[in-house]
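*Asks:* based on what follows, work out the 3D shape:
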Amino acid sequence: MYQLQKSTQSLIYAEGVQNIAIQGQGQIDGQGASFAMSPLGRLVNRPLLIKTSQCNNMSVSGVTLRNSASWTQYYCATDNLSITGVTVNGHVAQNEDGIDIDGCQGVHIANVTTNTDDDGLCFKGQAARPTKNVVVENCTFNSYCNSLKFGTDSQGGFQDIHISNVQLGKPPAGTPPLLNGASSGLAGIALEVVDGGTMDNVTIDKVTIQGTEAPIFVRLGNRGRHLDGDPTPPPAR
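*Replies:* Below you'll find the model as predicted:
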């Protein structure tokens, strides 16, 4: 079972399809400032820009993605996924992650630039399968939160992920509107396994980190979260 991120709406949505692509030099604007946020900033009823589930052979290339109302890209259990030459700008709403990869296998991310208030590239483990066989190279992830993050959802775990030649840090000077009030990034690399998943054969090298409060943040714990259909929370590891 694949537990999707809680928002029920998306500007672009695909489920159970294959051989699909979003390509070109145009822009997709989510007009996120038009959507009201709940008092706690929750994602419910704020649409994502792109969301996929259980798809195969997908390519996203060349486009600029702007102003999502919540997560900009969320790929769940989507295999053979390529994201290349994409630019993301998001500073108009909370939770405006650049890229979220959840339970996907066979992923290539290259020549991507994100500038966001929330996480830049985030690997999640809400899906009932590991995020596995991922290559990330020649990218820039700028964030006022975590530039490169594993977790916090980590039920499904992370395996065989290799990241190289990336630049991490806060967005460029003068980037508006600093929704969370931060003047620097929270962490360059955040490794957070707190839902019982495992992190195995993950390498990160040739990295530049600037303008963050913590270059590397590591957290291990047990929040008691578990996958749908499993009544027993997994043990912390």
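
*Asks:* so the nearest residue in space to Val202 that is not next to it in sequence is in which element?
*Replies:* The shortest distance from Val202 to any residue other than its chain neighbours is 4.7 Å, reached at Ile161 (CB to CB, 6 or more residues apart in numbering). C-beta coordinates here come from the backbone N, C-alpha and C atoms, glycine included. If you go by DSSP states H and E, Ile161 is part of strand 158-169.

*Asks:* centre-most residue in the chain?
*Replies:* In the chain, the C-alpha nearest the mean C-alpha coordinate belongs to Asp100, at 2.3 Å (CA atoms, centre = their mean).

*Asks:* residues contacting it?
*Replies:* Contacts of Asp100 were listed using CB atoms under 8 Å, 6 or more residues apart in numbering, and they are Gln5, Trp71, Gln73, Tyr74, Tyr75, Asp119, Cys122, Phe123, Lys124.

*Asks:* tell me the one among those residues nearest to Val86.
*Replies:* Gln73 (8.2 Å; CB to CB).

*Asks:* next up, the contacts around that closest one.
*Replies:* By CB under 8 Å, 6+ apart, Gln73 lies in contact with Leu48, Leu49, Ile50, Lys51, Val60, Leu65, Ile83, Val88, Asp97, Gly98, Ile99, Asp100.

*Asks:* what is the burial count for the second one?
*Replies:* Read that as Leu49. 24 (other CB atoms under 10 Å).

*Asks:* cool, and the fifth one?
*Replies:* Other residues near Val60 number 24, with proximity taken as other CB under 10 Å.

*Asks:* show me what it is bridged to.
*Replies:* Taking DSSP bridges as the rule, Val60 bridges to Ile22, Ile83.

*Asks:* on that earlier part again, for the residue nearest to Val202, list the residues it contacts.
*Replies:* Counting by CB under 8 Å, 6+ apart, Ile161 touches Phe123, Thr131, Lys132, Asn133, Val134, Val136, Asn201, Val202, Thr203.

*Asks:* tell me how far it lies from Val135.
*Replies:* Using CB to CB, to the nearest Å, Ile161 is found at 8 Å from Val135.

*Asks:* also Ile101?
*Replies:* From Ile101 across to Val135, the span is 12 Å (CB to CB).

*Asks:* more neighbours: those two, which one.
*Replies:* Comparing Ile101 with Val135 by other CB under 10 Å, the one with more neighbours is Ile101, at 27 against 14.
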